[in-house]
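**Q** generate a structure from the sequence data that follows.
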Amino acid sequence: MLFRSLAAAVRLRQRLSQADITVIEKQGRFFSLPLSNRVLAGVLDPALLRRDYMQAARRHGWRHWQGVVSAIDRQQRTVSLGDQRIPYDYLVLAVGLGPDYSAWFGDDHAGARMTQTRFGAAWHNEDEFLDLERRLAAFTGGKLLMNLPAMPMRCPPAPYERAIALAHRFRQQGIRGRITLLDPGPGALGFRQLFADYYADVITHVPHAPIVKLDPQRRVASTDFADY
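**A** The predicted model follows:
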């Protein structure tokens, strides 16, 4: 929820011009993941999606710390950043979000880490996105498997848009590949029609096909009805 925390900092600065504001964030810069599908399609320069936090801090006049908050002491009104304890009078907490692979791996944390490292969804941070871009740059053809998370979803159109962006990329670059999209639900009607009318040669949409098991070593995803 980083953009919300920065928006909160900007609004606080506007209302409290003399306040001492500190923003803590674990990433070194902001990367606009909602626009990243356009980068994958090859129609947008990724440099346009990056914003430096230090520049924002200098522009708006707050203090920026890069790191991860490890503890909050509500009695003493401090947050811990490693060995550093930072005092506060008021705290705005933006907890963010991250991937959850427990539905596939349960307590198998090694399998979950391998999957995130080798096949990250690139909806989490810039590093994961850049790794996906590198893997796509090396993809010269074959089977590309995508899945959608079950509802409720943060941005329901985004995975469908990503499939279309990749199909556009394949066509533009002459890549002989097929995208199989495993959808746990029936699929959004408008996108289903797009797939059928314009991308039937590239995209295979499989509705009602949630992944129930994933083997990252063998590169096999299993649904209730078939292995992919």
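**Q** just the strands in the chain please.
**A** Taking DSSP state E as the criterion, the chain carries its strands at 22-25, 29-31, 50-52, 63-66, 71-73, 78-81, 84-87, 141-147, 176-182, 203-206, 213-215, 220-222.
**Q** which one of those is the most hemmed in?
**A** strand 203-206 (a mean of 20; mean count of other Cβ atoms under 10 Å). Heads up, the C-betas are built off the backbone N, CA and C, glycines and all.
**Q** what lines up beside that one in the sheet?
**A** Here strand 203-206 has these sheet partners by DSSP bridges: strand 176-182 (parallel).
**Q** run through who's touching the partner strand.
**A** 139, 141-148, 159-160, 163, 166-167, 170, 195, 202-206, 209-211, 221, 223, 228 (Cβ atoms under 8 Å, 6 or more residues apart in numbering).
**Q** again, 6 Å this time
**A** Residues outside strand 176-182 that contact it (Cβ atoms under 6 Å, 6 or more residues apart in numbering): 141-142, 144-147, 163, 166, 170, 202-206, 209.
**Q** quick check: residue 81 touching residue 67?
**A** Yes - here residue 81 reaches residue 67: they are 4.6 Å apart, a contact under Cβ atoms under 6 Å.
**Q** in terms of pLDDT, where does the residue of the chain positioned farthest from its centre sit?
**A** Computed with Cα atoms, centre = their mean, the residue of the chain farthest from its C-alpha average is residue 18, at 35.5 Å. For residue 18, the pLDDT comes out at 90.
**Q** just checking, which helix or strand of the chain averages the lowest pLDDT?
**A** The weakest-scoring helix or strand in the chain, judged by mean pLDDT, DSSP states H and E, is helix 2-15 (a mean of 79).
**Q** any chance you could list what contacts that one?
**A** Contacts of helix 2-15 (Cβ under 6 Å, 6+ apart): 21, 23, 60, 62, 92, 94.
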